[in-house]
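Q: structure for this input, please:
(chains A, B, C and D, ligands or ions: 2)
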Amino acid sequence: MKKIYLDHNATTPVHSEVIKEMLPYYRDIYGNASSFHQFGQQARKAVEEAREKVVDFIGAKSGEIIFTSGGTEADNFAIKGVAYANQTKGKHIITSSIEHHAVLNSCKYLEKQGFRITYLPVDKYGLINPEEVKKAIEDETILISIMHANNEMGTIEPIAEVGKIAKEKGVYFHIDAVQSAGKIPVEVKELNVDLLSLSGHKVYGPKGIGVLYIRKGTKIQPLIHGGHHEKNKRAGTENVPGIIGLAKAIEIARITVKEEAIRLTNLRNRLWTSINEKIEDVFLHGHPQERLPNTLNLSFEGVEGEAIILDLDMKGIAVSTGSACTSGTLEPSHVLKAMGVNPRLAQGAIRFSLGEDNTQEEIDYVADMLSGIVSRLRGISPFYQKKESKDLYKGA
Amino acid sequence: MKKIYLDHNATTPVHSEVIKEMLPYYRDIYGNASSFHQFGQQARKAVEEAREKVVDFIGAKSGEIIFTSGGTEADNFAIKGVAYANQTKGKHIITSSIEHHAVLNSCKYLEKQGFRITYLPVDKYGLINPEEVKKAIEDETILISIMHANNEMGTIEPIAEVGKIAKEKGVYFHIDAVQSAGKIPVEVKELNVDLLSLSGHKVYGPKGIGVLYIRKGTKIQPLIHGGHHEKNKRAGTENVPGIIGLAKAIEIARITVKEEAIRLTNLRNRLWTSINEKIEDVFLHGHPQERLPNTLNLSFEGVEGEAIILDLDMKGIAVSTGSACTSGTLEPSHVLKAMGVNPRLAQGAIRFSLGEDNTQEEIDYVADMLSGIVSRLRGISPFYQKKESKDLYKGA
Amino acid sequence: MQYTEKVIEHFQHPRNVGEIENPDGIGHVGNPICGDVMELYIKIKDNIIVDVKFKTFGCGAAIASGSMLTELIKGKSIDEALEISNKIVVEALGGLPPKKTHCSVLAEDALKFAIDDYFKKQGKK
Amino acid sequence: MQYTEKVIEHFQHPRNVGEIENPDGIGHVGNPICGDVMELYIKIKDNIIVDVKFKTFGCGAAIASGSMLTELIKGKSIDEALEISNKIVVEALGGLPPKKTHCSVLAEDALKFAIDDYFKKQGKK
Ligand SMILES: Cc1ncc(COP(=O)(O)O)c(C=O)c1O
Ligand SMILES: Cc1ncc(COP(=O)(O)O)c(C=O)c1O
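A: Numbering: from 1, shown residues only, chains lettered A, B, ... in the order given. Ligands and ions are numbered 1, 2, ... in the order given. Down below sits the predicted model:
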């Protein structure tokens, strides 16, 4: 059976050059990067070179890069770390209602500790309004955390504008760039951010490694205490192969990002056009332009999402309902809900997230398969013949 | 140049079978283990099989194993997680003065949050006294955290006795088994522990992966919030290759642990005998019997430790002053200090930690080299000719 | 989500899909948590369920549960059909992931409502 | 810890190690933080440091710093020697890791104490 992977926003295969780069660090250069001797110092050298690659990738300075165990830890560290370290100034944080759960649940946890959180609304495309960020800022506000691009429908937020506002008001600004990194340019100076989260496994690097960029001078408290690693900001023996792998992945992304963006946009648009031609009553979620090049989030009227995924899966095609971490739960997408998508449509949303390995043939095959699947499932659905109003998009 | 690695307590090379087992999970079975489709489900299956191997290794039950990013995170999670979840019962924690910094600094952090910590003393061999644990328990005590074996001098603590006391008194008991696992048997039922930390890279597994065993029913709060991973106890996309690698390493250790313990004890004793024959005025730290099979911690009167390490390093021999995470700092070992070792001797302490790859020839070579190095450095030292009291061990 | 082969088979080839014209009873239920909806149509003759059809807006487990339930009750008496609990449906499917048990409940509920509806209509006659 | 080649070279082959019998000045200093100790012996003739020897209980950086300092001051006048700061020692060694700067301070201090000791002894004469 053909295997077609269209779930690159959930995770990516590790690039073969990345594996090649990591391998020597398992059995040859295996020292603890904190060890004094040559075994350790060789590892240390590799770690610091890797750090410089991350520095270059996001336009940071040396010493502003802290390695974490992934995007989730980076988000937790940024939010809790800044919150605790700055609570004497105030206990108010601004975020959006469409953040990843790593951010949202960190915020919810802080609410129990007496912090106040403003969850900004989004428009029907999933965009926050920088003016509303401005209005939400109080004297007590210590942090703004907004994702660069959304993992479910790919909408790219007006980060640079928010960055300007945050800077003017002297409020720390964190962005979750886990989904944007490697897909669109990410540059901390241009975007005016103080903290930025990255994750290895979303950019063809390994799982279990991430980065928190922390602008020099930012007051932050560690999440994980212990030895003197990572400038006393993140304890734990450095995951050397992971760090090497992340850096290599980022180095490759840096070179390929622009061309891949064009290629993926074309493929993604081809998929959309083809589906639109073959299937009636399809709804696109997210901003039609301000969107990650690889992401397409659709609802097929009258059909539940998991059923489509299962049917596609039977044909070797991997897509998802949105975030991998909420699949298997019954919660509908908080993102589509915040965008005001009709609940029944939201329940049918399917995310196609394309990547490096996808070809035009694959895309055409998927559109073909999908057409059959949707009509089969519509045949089982009680909602499709008894056609409800086409104006589903507006209702809630 | 020969390369002889005697720093296995800092980190170990990854076993080649472990690498072999991990490799398919980078590019072939690369799905997100939380994804619905087959790519994800294949990864999920592997993760759950790996979890069962850990279950078997420590005699736990399914569902009691949570994967973390390493030993440090496991320690932080255990201590902060139990502390926060049980603070309505009390805010008192008992630990020892010779714990790893992952435990000590988590405790110090909690002190700032209003918890009270009792740091139990140890005797000259580094042993805690279970009676003192008993005496230290108050109504307010919610957690006892004691390491199974010390990373610097290898002393094995009377965990089973403490476990019995903790059970009687109804206090949660956490052990840091990062150094004991794979070297001596570790069994949660026998030892009566509620929480137990493990780390992959200390048992010939990969860096960046660890385990917290949490006995069913234990009240604990997550350290890292986000998606619904690891039974809502630890968010973040699962580090699939890391998990597979850790499990394979543990599976190998389970088979080899007894024989390796005998082999390493012999090698270690040979090193000690040989050093003792060749070099005068050498002091052994740690318990002479109740000690990890692979660990030898020595001081050579009149000589500073880092100088020895550097000289050995020039000859391709890797040893350490103690914990890798404090090397590069100026702090003398808190462990040796707690044992009442004379500060100048403590400053000269060298840890030899043997492993799988070491041979008798290597050991003999090291003893030879060491003899020359110590006499050279004693020639530079102002303390050796003007021989001070031999009774250094008692002074402080 | 690991589905059994049986679930997959019923998902791919669901039995008794559709509507019945002039049914003797209709059960229409929705799960407020997940939003899944099931509709069950029954035709009854001499207390026997002579025909049954279902439709669902739901996941794979919902489709398989509906399909299995219809198979299990077809040709049964009303009393026998009422004994088909969601547990029996799950067993017949070779099991469902814990999070999907509610889909089998949806099927059971749809049947109960359909039979209720039948009795109501009978009463009116 | 990455040491320069120069540091390693001086660590492996330290110059002027030892003690001087009947020295004109002795400097004995200890670093209370890390516990390192350095002893410096000087022989002075016509205001010139004609001989110098050192001993240290210290790390590689301490040994290299002591060695380098003795080389730098040998044959110099007292005034010239007093201008040899720890910075000059570090530079001559091609740099030291930041955490090891204090080792060069130890050497500088030992020299100052030795010269002080010399002046004190002179005063007593
Ligand atoms: C936007 C966003 N933030 C954070 C994360 C979490 O990163 P990780 O999977 O590395 O924990 C993800 C993906 O899971 C994500 O898509
Ligand atoms: C006793 C002990 N606990 C905890 C740790 C921390 O584990 P990790 O290196 O996996 O963070 C170590 C080693 O560094 C250790 O020796």
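Q: compute the number of surrounding residues for the single nearest residue of chain A relative to ligand 2.
A: In chain A, the residue that lies nearest ligand 2 is residue A:237 (3.1 Å; C-beta to the nearest ligand atom). Every residue, glycine included, has its C-beta placed from N, CA and C. Look at residue A:237: counted by other C-beta atoms under 10 Å in any protein chain shown, it has 29 neighbours.
Q: give the helix, strand or coil label for it.
A: coil (DSSP: H, G, I helix; E, B strand; the rest coil).
Q: show me which positions of stretch A:232-240 end up buried.
A: Across stretch A:232-240, burial judged by 16 or more other C-beta atoms under 10 Å in any protein chain shown covers A:233-240.
Q: please see if that stretch touches chain B.
A: Yes. Judged by C-beta under 8 Å from any C-beta of the partner chain, stretch A:232-240 and chain B are in contact via A:235-240.
Q: ends of that stretch, what's the gap?
A: 17 Å (C-alpha to C-alpha, to the nearest Å).
Q: now do the helix or strand hosting residue A:25, average pLDDT.
A: Residue A:25 is part of helix A:24-27, with elements assigned from DSSP states H and E. The pLDDT scores in helix A:24-27 average 98.
Q: residues in contact with the nearest residue to residue A:8 once chain neighbours are set aside?
A: Nearest non-adjacent residue to residue A:8, counting by C-beta to C-beta, 6 or more residues apart in numbering or on different chains: residue A:355, 3.5 Å away. Going by C-beta atoms under 8 Å, 6 or more residues apart in numbering or on different chains, residue A:355 touches A:5-6, A:8, A:12, A:204, A:264, A:294.
Q: what pLDDT does the model give residue A:355?
A: pLDDT, read off for residue A:355, is 98.
Q: three-state assignment of it?
A: Here residue A:355 is recorded as coil under three-state DSSP.
Q: from chain B, how far out is it?
A: As defined by C-beta to the nearest C-beta, to the nearest Å, residue A:355 lies at a distance of 11 Å from chain B.
Q: measure that residue to residue A:141 for me?
A: 37 Å (C-beta to C-beta, to the nearest Å).
Q: again, but for residue A:30
A: 46 Å.
Q: and for the residue nearest to residue A:344 when sequence neighbours are not counted, the neighbour number?
A: For residue A:344, ignoring the flanking residues on the chain, the nearest one in space by C-beta to C-beta, 6+ apart is residue C:35 at 6.5 Å. For residue C:35, the count of nearby residues is 17 (other C-beta under 10 Å).
Q: what of the one 10 residues further on?
A: When counting by other C-beta under 10 Å, one arrives at 9 neighbours for residue C:45.
Q: low-confidence ranges, the stretch 101-250 of chain A, go.
A: The stretch 101-250 of chain A contains no residues with pLDDT under 70.
Q: so which residues of it form helices?
A: Using DSSP state H, counting those that start in this stretch, the helices of the stretch 101-250 of chain A run over A:101-112, A:130-136, A:159-169, A:188-191, A:240-278.
Q: could those go into CSV alongside distance to residue D:110?
A: Compiled in CSV, the helices of the stretch 101-250 of chain A are given as follows (distance: least, C-beta to C-beta, whole Å):
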stretch, distance to residue D:110
helix A:101-112, 53
helix A:130-136, 60
helix A:159-169, 50
helix A:188-191, 47
helix A:240-278, 39
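Q: could I get the full set of helices for chain C?
A: Ranges of helices in chain C, per DSSP state H, are C:5-12, C:60-73, C:78-82, C:86-92, C:101-124.
Q: which of the ones you listed is buried the deepest?
A: helix C:60-73 (a mean of 27; mean count of other C-beta atoms under 10 Å in any protein chain shown).
Q: tell me which residue of the stretch 201-350 of chain A lies closest to chain C.
A: residue A:306 (3.7 Å; C-beta to the nearest C-beta).
Q: what residues does chain C put near chain A?
A: Residues of chain C lying near chain A (C-beta under 8 Å from any C-beta): C:1, C:3, C:8, C:11-12, C:14, C:17, C:28, C:33-39, C:55-60, C:62-63, C:97, C:99, C:102.
Q: what about ligand 2: which of those touch it?
A: Among the residues of chain C next to chain A, not one lies near ligand 2 by C-beta under 6 Å from any ligand atom.
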